[in-house]
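Participant: Fold the following, please.
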Amino acid sequence: MAGGIACTAVAGQLLMNQGFKYCRSWEGGMYLTAEVVFTAILGIVFLGELTSGYFWTGGILIVTSVILLQLTTARQMARN
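Facilitator: Numbers count the residues shown, from 1 in each chain. All right, here's what the predicted structure looks like:
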């Protein structure tokens, strides 16, 4: 079972990396960030995971940092 999980995970990672050839770096970053959000949602909805203050604080910090990084990059690109 562990071998199957490992092989599937490696195959999925390789296929995802191949797909990133067709998008820009910022798009790839947004896809990877969205993956965290959707994984959390699926864990809560389908697996019944409990959320705590740490979960929400961490989630807000992650989303805020992504937004700030994107705004900073956008401003730098607008200047050039």
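Participant: where's the residue most central in space within the chain, which helix or strand?
Facilitator: In the chain, the residue lying closest to the centroid (CA atoms, centre = their mean) is residue 33, at 2.5 Å. Using DSSP states H and E, residue 33 maps to helix 25-47.
Participant: which secondary structure elements does that helix contact?
Facilitator: Packed against helix 25-47, as judged by 3 or more CB pairs under 8 Å, 6 or more residues apart in numbering; DSSP states H and E, are the following elements: helix 53-79. C-beta here means a position set from N, CA and C on the backbone, and glycine is covered the same way.
Participant: what is the mean pLDDT for the helix it packs on?
Facilitator: Averaging pLDDT along helix 53-79 yields 85.
Participant: Flag every buried residue along it.
Facilitator: residue 66 (16 or more other CB atoms under 10 Å).
Participant: Repeat that for stretch 12-30.
Facilitator: 28-29.
Participant: Endpoint to endpoint, that stretch covers what distance?
Facilitator: Stretch 12-30 has an end-to-end distance of 18 Å (criterion: CA to CA, to the nearest Å).
Participant: Please list the outside residues in contact with that stretch.
Facilitator: 31, 66, 70, 73 (CB atoms under 8 Å, 6 or more residues apart in numbering).
Participant: for the third one, what are its contacts?
Facilitator: Okay, so that is residue 70. Counted by CB under 8 Å, 6+ apart, residue 70 has contacts 26, 30.
Participant: ok, it to residue 47 distance?
Facilitator: For residue 70, the distance to residue 47 equals 30 Å [CB to CB, to the nearest Å].
Participant: Next: the last one.
Facilitator: According to CB to CB, residue 73 and residue 47 sit 34 Å apart.
Participant: How about residue 12?
Facilitator: Distance from residue 12 to residue 47, by CB to CB: 19 Å.
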